[in-house]
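# can't give you the sequence, but here's the structure:
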Ligand SMILES: [Zn+2]
(Lines give C-alpha, C1' and ligand atoms only; values in the text may rest on other atoms or scores of the structure.)
Protein backbone atom coordinates (compact mmCIF):
# COMPACT_ATOMS: atom_id res chain seq x y z
CA UNK A 1 0.00 0.00 0.00
CA UNK A 2 1.32 3.43 -0.97
CA UNK A 3 2.91 5.64 1.67
CA UNK A 4 4.64 9.02 1.71
CA UNK A 5 8.26 8.02 2.20
CA UNK A 6 11.19 10.29 3.05
CA UNK A 7 13.88 8.38 1.15
CA UNK A 8 16.67 10.64 2.39
CA UNK A 9 17.16 14.35 3.08
CA UNK A 10 15.34 16.35 0.39
CA UNK A 11 13.81 13.34 -1.40
CA UNK A 12 10.21 12.20 -0.97
CA UNK A 13 8.25 9.58 -2.85
CA UNK A 14 4.81 7.98 -2.85
CA UNK A 15 5.45 4.26 -3.01
CA UNK A 16 4.70 0.86 -1.53
CA UNK A 17 6.38 -0.11 1.76
CA UNK A 18 6.11 -3.94 1.84
CA UNK A 19 7.91 -4.20 5.22
CA UNK A 20 5.20 -2.06 6.85
CA UNK A 21 2.45 -4.21 5.35
CA UNK A 22 4.17 -7.36 6.65
CA UNK A 23 4.82 -5.87 10.11
CA UNK A 24 1.15 -4.96 10.50
CA UNK A 25 -0.39 -8.16 9.08
CA UNK A 26 -1.17 -9.39 12.58
CA UNK A 27 -3.17 -7.27 14.99
CA UNK A 28 -2.16 -7.39 18.67
CA UNK A 29 -4.93 -8.32 21.13
CA UNK A 30 -5.09 -4.76 22.49
CA UNK A 31 -4.52 -3.00 19.16
CA UNK A 32 -6.94 -1.51 16.66
CA UNK A 33 -6.53 -1.20 12.92
CA UNK A 34 -7.33 2.27 11.63
CA UNK A 35 -8.04 3.64 8.18
CA UNK A 36 -6.30 7.03 8.19
CA UNK A 37 -8.43 9.99 7.15
CA UNK A 38 -6.59 13.27 7.83
CA UNK A 39 -2.92 13.88 8.64
CA UNK A 40 -1.45 17.28 9.55
CA UNK A 41 1.97 18.32 8.28
CA UNK A 42 4.12 19.15 11.30
CA UNK A 43 7.21 21.33 11.43
CA UNK A 44 9.13 18.21 12.44
CA UNK A 45 8.03 16.35 9.27
CA UNK A 46 9.20 19.31 7.20
CA UNK A 47 12.48 19.55 9.13
CA UNK A 48 13.28 15.86 8.52
CA UNK A 49 12.54 16.48 4.83
CA UNK A 50 14.74 19.59 4.54
CA UNK A 51 17.53 18.68 7.01
CA UNK A 52 17.42 14.87 7.36
CA UNK A 53 17.68 15.13 11.13
CA UNK A 54 16.42 16.82 14.28
CA UNK A 55 19.10 16.95 16.96
CA UNK A 56 20.11 13.37 17.75
CA UNK A 57 17.35 11.84 15.54
CA UNK A 58 18.84 11.14 12.11
CA UNK A 59 17.05 9.70 9.07
CA UNK A 60 19.40 6.86 8.10
CA UNK A 61 16.83 4.76 6.21
CA UNK A 62 13.63 5.50 4.27
CA UNK A 63 10.93 6.62 6.74
CA UNK A 64 7.20 7.30 6.34
CA UNK A 65 6.32 10.82 7.57
CA UNK A 66 3.29 12.07 9.53
CA UNK A 67 2.12 11.85 13.14
CA UNK A 68 -0.92 14.21 13.51
CA UNK A 69 -3.74 11.91 12.56
CA UNK A 70 -7.39 10.98 12.65
CA UNK A 71 -9.19 8.06 11.07
CA UNK A 72 -11.74 5.27 11.43
CA UNK A 73 -11.37 1.99 13.32
CA UNK A 74 -11.77 -0.91 10.88
CA UNK A 75 -10.71 -3.87 13.04
CA UNK A 76 -10.22 -4.57 16.75
CA UNK A 77 -7.89 -6.97 18.57
CA UNK A 78 -9.47 -9.76 20.62
CA UNK A 79 -9.16 -7.93 23.98
CA UNK A 80 -10.27 -4.45 22.83
CA UNK A 81 -13.32 -3.32 24.81
CA UNK A 82 -13.69 0.46 24.38
CA UNK A 83 -13.59 0.81 20.59
CA UNK A 84 -15.47 -0.83 17.73
CA UNK A 85 -15.19 -0.86 13.93
CA UNK A 86 -16.70 2.33 12.53
CA UNK A 87 -15.58 4.50 15.45
CA UNK A 88 -14.01 7.81 14.37
CA UNK A 89 -10.79 8.36 16.32
CA UNK A 90 -7.58 10.31 16.72
CA UNK A 91 -4.34 8.82 17.90
CA UNK A 92 -1.63 9.81 20.32
CA UNK A 93 1.56 9.13 18.36
CA UNK A 94 4.04 8.35 21.15
CA UNK A 95 3.91 4.87 22.69
CA UNK A 96 5.95 4.42 25.87
CA UNK A 97 6.97 1.19 27.54
CA UNK A 98 4.10 0.80 30.04
CA UNK A 99 6.44 -0.86 32.56
CA UNK A 100 9.16 1.77 32.42
CA UNK A 101 10.04 3.82 35.48
CA UNK A 102 8.85 7.06 33.80
CA UNK A 103 5.52 5.49 32.77
CA UNK A 104 4.92 4.12 36.25
CA UNK A 105 5.52 7.64 37.61
CA UNK A 106 2.94 9.10 35.22
CA UNK A 107 5.52 10.85 33.03
CA UNK A 108 5.16 8.52 30.08
CA UNK A 109 6.05 11.24 27.57
CA UNK A 110 9.62 11.39 28.89
CA UNK A 111 10.11 7.63 28.93
CA UNK A 112 13.45 7.26 27.10
CA UNK A 113 12.00 4.17 25.38
CA UNK A 114 9.00 5.99 23.86
CA UNK A 115 8.38 5.13 20.20
CA UNK A 116 6.95 8.14 18.36
CA UNK A 117 5.58 8.14 14.82
CA UNK A 118 7.87 9.67 12.19
CA UNK A 119 10.81 9.96 14.57
CA UNK A 120 13.60 7.77 13.20
CA UNK A 121 13.63 4.82 13.09
CA UNK A 122 9.84 4.69 13.70
CA UNK A 123 7.57 5.08 10.65
CA UNK A 124 4.80 7.67 10.55
CA UNK A 125 1.25 7.32 9.27
CA UNK A 126 1.00 9.05 5.89
CA UNK A 127 -0.31 5.73 4.57
CA UNK A 128 -3.77 4.19 4.14
CA UNK A 129 -3.92 2.15 7.39
CA UNK A 130 -2.03 1.59 10.61
CA UNK A 131 -2.32 -0.43 13.80
CA UNK A 132 -2.23 1.33 17.17
CA UNK A 133 -2.81 0.50 20.85
CA UNK A 134 -6.40 0.95 22.03
CA UNK A 135 -5.03 2.87 25.04
CA UNK A 136 -3.60 5.61 22.80
CA UNK A 137 -6.62 5.82 20.47
CA UNK A 138 -9.46 8.23 21.33
CA UNK A 139 -13.03 8.17 20.03
CA UNK A 140 -14.23 11.48 18.57
CA UNK A 141 -17.35 13.24 19.80
CA UNK A 142 -19.89 13.40 16.94
CA UNK A 143 -19.40 17.14 16.42
CA UNK A 144 -15.60 16.93 16.03
CA UNK A 145 -14.49 16.61 12.40
CA UNK A 146 -11.56 14.53 11.14
CA UNK A 147 -9.72 17.78 10.34
CA UNK A 148 -10.21 19.12 13.88
CA UNK A 149 -9.24 15.73 15.30
CA UNK A 150 -5.95 15.82 13.40
CA UNK A 151 -5.28 19.13 15.23
CA UNK A 152 -5.50 17.44 18.63
CA UNK A 153 -1.83 16.40 18.50
CA UNK A 154 -0.43 19.94 18.16
CA UNK A 155 -3.15 21.30 20.48
CA UNK A 156 -1.99 18.82 23.12
CA UNK A 157 1.35 20.67 23.21
CA UNK A 158 -0.43 23.95 24.02
CA UNK A 159 -2.62 22.31 26.66
CA UNK A 160 0.44 20.69 28.24
CA UNK A 161 2.27 24.05 28.23
CA UNK A 162 -0.69 25.85 29.86
CA UNK A 163 -0.92 23.08 32.45
CA UNK A 164 2.80 23.36 33.29
CA UNK A 165 2.45 27.16 33.51
CA UNK A 166 -0.31 26.75 36.14
CA UNK A 167 -2.40 29.51 34.56
CA UNK A 168 -4.56 31.49 37.03
CA UNK A 169 -7.73 33.32 35.98
CA UNK A 170 -6.82 36.83 34.87
CA UNK A 171 -3.13 36.17 34.16
CA UNK A 172 -1.53 38.09 31.33
CA UNK A 173 0.50 35.94 28.96
CA UNK A 174 2.99 36.34 26.15
CA UNK A 175 3.40 33.75 23.41
CA UNK A 176 6.56 34.14 21.34
CA UNK A 177 5.93 32.65 17.90
CA UNK A 178 2.71 32.52 15.84
CA UNK A 179 3.30 29.16 14.16
CA UNK A 180 0.85 26.31 14.82
CA UNK A 181 2.32 25.60 18.26
CA UNK A 182 2.37 29.26 19.28
CA UNK A 183 -1.26 29.70 18.25
CA UNK A 184 -2.53 26.54 19.98
CA UNK A 185 -0.63 27.73 23.06
CA UNK A 186 -2.35 31.13 22.90
CA UNK A 187 -5.74 29.40 22.58
CA UNK A 188 -4.89 27.07 25.45
CA UNK A 189 -3.75 29.95 27.69
CA UNK A 190 -7.00 31.82 27.04
CA UNK A 191 -9.11 28.71 27.60
CA UNK A 192 -7.21 28.17 30.87
CA UNK A 193 -8.24 31.63 32.06
CA UNK A 194 -5.74 34.21 30.83
CA UNK A 195 -7.16 37.72 30.52
CA UNK A 196 -5.11 38.57 27.48
CA UNK A 197 -2.30 37.16 25.39
CA UNK A 198 0.32 39.03 23.37
CA UNK A 199 1.53 36.99 20.41
CA UNK A 200 4.78 38.00 18.70
CA UNK A 201 6.13 36.91 15.33
CA UNK A 202 8.26 38.30 12.51
CA UNK A 203 5.64 37.34 9.88
CA UNK A 204 2.83 39.90 9.61
CA UNK A 205 0.32 37.47 8.00
CA UNK A 206 0.75 35.10 10.95
CA UNK A 207 0.08 37.97 13.36
CA UNK A 208 -3.12 38.75 11.46
CA UNK A 209 -4.27 35.16 11.87
CA UNK A 210 -3.38 35.33 15.58
CA UNK A 211 -5.40 38.52 16.01
CA UNK A 212 -8.40 36.96 14.22
CA UNK A 213 -8.61 34.13 16.77
CA UNK A 214 -9.75 36.20 19.75
CA UNK A 215 -10.31 39.78 20.82
CA UNK A 216 -8.09 38.92 23.82
CA UNK A 217 -5.07 38.31 21.56
CA UNK A 218 -2.82 41.29 20.80
CA UNK A 219 -0.38 40.82 17.91
CA UNK A 220 3.00 42.48 18.29
CA UNK A 221 6.30 42.44 16.42
CA UNK A 222 9.17 40.91 18.43
CA UNK A 223 11.11 44.16 18.62
CA UNK A 224 8.22 45.93 20.37
CA UNK A 225 7.13 43.05 22.59
CA UNK A 226 8.70 43.86 25.98
CA UNK A 227 7.99 47.60 25.75
CA UNK A 228 4.33 47.01 24.78
CA UNK A 229 3.70 44.48 27.51
CA UNK A 230 5.33 46.66 30.17
CA UNK A 231 3.43 49.74 29.00
CA UNK A 232 0.11 47.88 29.14
CA UNK A 233 0.75 46.45 32.61
CA UNK A 234 1.98 49.57 34.46
CA UNK A 235 5.54 48.32 34.11
CA UNK A 236 4.76 45.02 35.89
CA UNK A 237 4.99 42.59 32.95
CA UNK A 238 3.13 39.41 32.01
CA UNK A 239 2.73 36.62 34.54
CA UNK A 240 3.42 33.98 31.88
CA UNK A 241 5.77 33.83 28.89
CA UNK A 242 5.60 30.92 26.47
CA UNK A 243 8.61 30.55 24.14
CA UNK A 244 7.32 28.83 20.98
CA UNK A 245 9.79 29.96 18.31
CA UNK A 246 12.72 27.63 18.95
CA UNK A 247 14.91 30.60 18.03
CA UNK A 248 17.90 31.14 20.34
CA UNK A 249 17.57 34.89 19.75
CA UNK A 250 13.95 34.94 20.91
CA UNK A 251 14.72 32.64 23.82
CA UNK A 252 17.46 35.00 25.02
CA UNK A 253 14.78 37.63 25.70
CA UNK A 254 12.15 35.53 27.49
CA UNK A 255 12.54 37.34 30.83
CA UNK A 256 12.22 40.88 29.44
CA UNK A 257 8.38 40.96 29.39
CA UNK A 258 8.03 38.66 32.45
CA UNK A 259 6.47 39.92 35.67
CA UNK A 260 8.14 39.37 39.06
CA UNK A 261 7.30 35.86 40.26
CA UNK A 262 6.24 34.88 36.75
CA UNK A 263 6.72 31.69 34.82
CA UNK A 264 8.46 31.00 31.52
CA UNK A 265 7.56 27.84 29.62
CA UNK A 266 10.12 26.74 27.05
CA UNK A 267 8.26 24.99 24.20
CA UNK A 268 10.34 25.56 21.06
CA UNK A 269 12.99 22.90 20.41
CA UNK A 270 16.60 24.00 20.85
CA UNK A 271 19.00 21.53 19.25
CA UNK A 272 22.03 23.42 20.60
CA UNK A 273 22.78 25.05 23.97
CA UNK A 274 21.47 28.61 24.15
CA UNK A 275 22.13 31.72 26.24
CA UNK A 276 19.98 32.20 29.34
CA UNK A 277 19.80 35.49 31.27
CA UNK A 278 20.18 34.07 34.77
CA UNK A 279 20.34 37.54 36.33
CA UNK A 280 17.02 38.62 34.80
CA UNK A 281 15.49 35.35 35.98
CA UNK A 282 16.92 35.80 39.47
CA UNK A 283 15.61 39.30 40.18
CA UNK A 284 12.13 38.09 39.20
CA UNK A 285 12.40 34.77 41.04
CA UNK A 286 11.21 33.40 37.70
CA UNK A 287 9.98 29.83 37.46
CA UNK A 288 11.11 28.12 34.26
CA UNK A 289 9.28 25.07 32.96
CA UNK A 290 10.23 22.84 30.06
CA UNK A 291 7.88 20.58 28.16
CA UNK A 292 8.50 17.61 25.92
CA UNK A 293 5.44 16.85 23.79
CA UNK A 294 2.55 16.13 26.26
CA UNK A 295 0.98 13.56 28.54
CA UNK A 296 -2.66 12.89 29.51
CA UNK A 297 -3.79 15.70 27.19
CA UNK A 298 -5.74 14.10 24.31
CA UNK A 299 -9.08 13.59 26.12
CA UNK A 300 -8.93 17.17 27.45
CA UNK A 301 -8.27 18.51 23.94
CA UNK A 302 -11.19 16.57 22.47
CA UNK A 303 -13.50 17.78 25.25
CA UNK A 304 -12.51 21.41 24.65
CA UNK A 305 -12.95 21.19 20.87
CA UNK A 306 -16.31 19.45 21.29
CA UNK A 307 -17.60 22.03 23.77
CA UNK A 308 -16.40 25.01 21.73
CA UNK A 309 -13.98 26.12 24.47
CA UNK A 310 -11.26 25.96 21.82
CA UNK A 311 -11.75 26.39 18.05
CA UNK A 312 -8.86 25.04 15.98
CA UNK A 313 -10.57 25.40 12.60
CA UNK A 314 -9.08 28.85 11.78
CA UNK A 315 -5.59 27.34 12.09
CA UNK A 316 -6.18 24.90 9.21
CA UNK A 317 -5.21 27.01 6.21
CA UNK A 318 -4.79 24.42 3.40
CA UNK A 319 -5.85 20.85 2.66
CA UNK A 320 -4.29 18.57 0.03
CA UNK A 321 -5.23 15.19 -1.38
CA UNK A 322 -2.83 12.32 -0.62
CA UNK A 323 -1.79 12.21 -4.28
CA UNK A 324 -0.61 15.83 -3.88
CA UNK A 325 1.56 15.03 -0.84
CA UNK A 326 4.87 15.83 -2.54
CA UNK A 327 3.62 19.23 -3.61
CA UNK A 328 2.20 19.82 -0.14
CA UNK A 329 5.61 19.21 1.42
CA UNK A 330 7.35 21.44 -1.12
CA UNK A 331 4.96 24.24 -0.23
CA UNK A 332 5.35 23.58 3.50
CA UNK A 333 9.14 23.62 3.12
CA UNK A 334 8.96 27.09 1.58
CA UNK A 335 7.41 28.30 4.89
CA UNK A 336 4.59 30.38 3.37
CA UNK A 337 3.97 33.25 5.82
CA UNK A 338 0.16 33.11 5.54
CA UNK A 339 -0.15 29.41 6.37
CA UNK A 340 -0.50 27.88 9.80
CA UNK A 341 -1.47 24.21 9.48
CA UNK A 342 -1.59 22.25 6.24
CA UNK A 343 -3.32 18.88 6.20
CA UNK A 344 -3.42 15.90 3.87
CA UNK A 345 -6.58 13.84 3.34
CA UNK A 346 -6.25 10.17 2.48
CA UNK A 347 -8.61 8.44 0.04
CA UNK A 348 -11.43 6.67 1.90
ZN1 LIG B 1 3.36 17.63 15.33
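Thanks, I have the structure now. Everything numeric here is computed off the predicted structure, so don't read it as measured data.
# switch to C-alpha atoms for all contacts and neighbour counts from now on
Will do.
# neighbours of the nearest residue to residue 185 once chain neighbours are set aside, just the number please.
Using CA to CA, 6 or more residues apart in numbering and skipping the chain neighbours, the partner closest in space to residue 185 is residue 158 (3.9 Å). A total of 30 residues lie near residue 158 under the criterion other CA atoms under 10 Å.
# I'd say residue 158 and residue 190 touch.
No - proximity of residue 158 to residue 190 does not meet the contact threshold set by CA atoms under 8 Å, at 10.7 Å.
# how about the helices in the stretch 201-348 of the chain?
Taking DSSP state H, counting those that start in this stretch to define them, one finds helices in the stretch 201-348 of the chain at 204-213, 225-232, 248-251, 278-283, 298-307, 325-333.
# Quick one: closest of the ones you listed to residue 127.
For the helices of the stretch 201-348 of the chain, the distance to residue 127 is smallest for helix 325-333, at 10.9 Å, taking CA to CA.
# Would you mind pulling the contact partners of the helix or strand the residue nearest to residue 185 falls within?
Secondary structure here is read from DSSP states H and E; on that basis residue 158 sits in helix 152-165. Helix 152-165 is contacted from outside by 68-69, 90, 92, 180-182, 184-189, 192, 240, 242, 263-265, 267, 289, 291, 293-295, 297-298, 301-302, using CA atoms under 8 Å, 6 or more residues apart in numbering.
# Would you mind checking those residues for buried ones?
Among the contacts of helix 152-165, those classed as buried by 16 or more other CA atoms under 10 Å are 68-69, 90, 92, 180-182, 184-189, 192, 240, 242, 263-265, 267, 291, 293-295, 297-298, 301-302.
# So which of the residues you listed belong to strands?
Secondary structure assignment (DSSP state E) places 68-69, 90, 240, 242, 263-265 from the buried ones among the contacts of helix 152-165 within strands.
# By average pLDDT, which secondary structure element in the chain comes out worst?
helix 18-23 (a mean of 88; mean pLDDT, DSSP states H and E).
# helix or strand right after that helix?
Going down the chain from helix 18-23, the next helix or strand is strand 31-40, by DSSP H and E.
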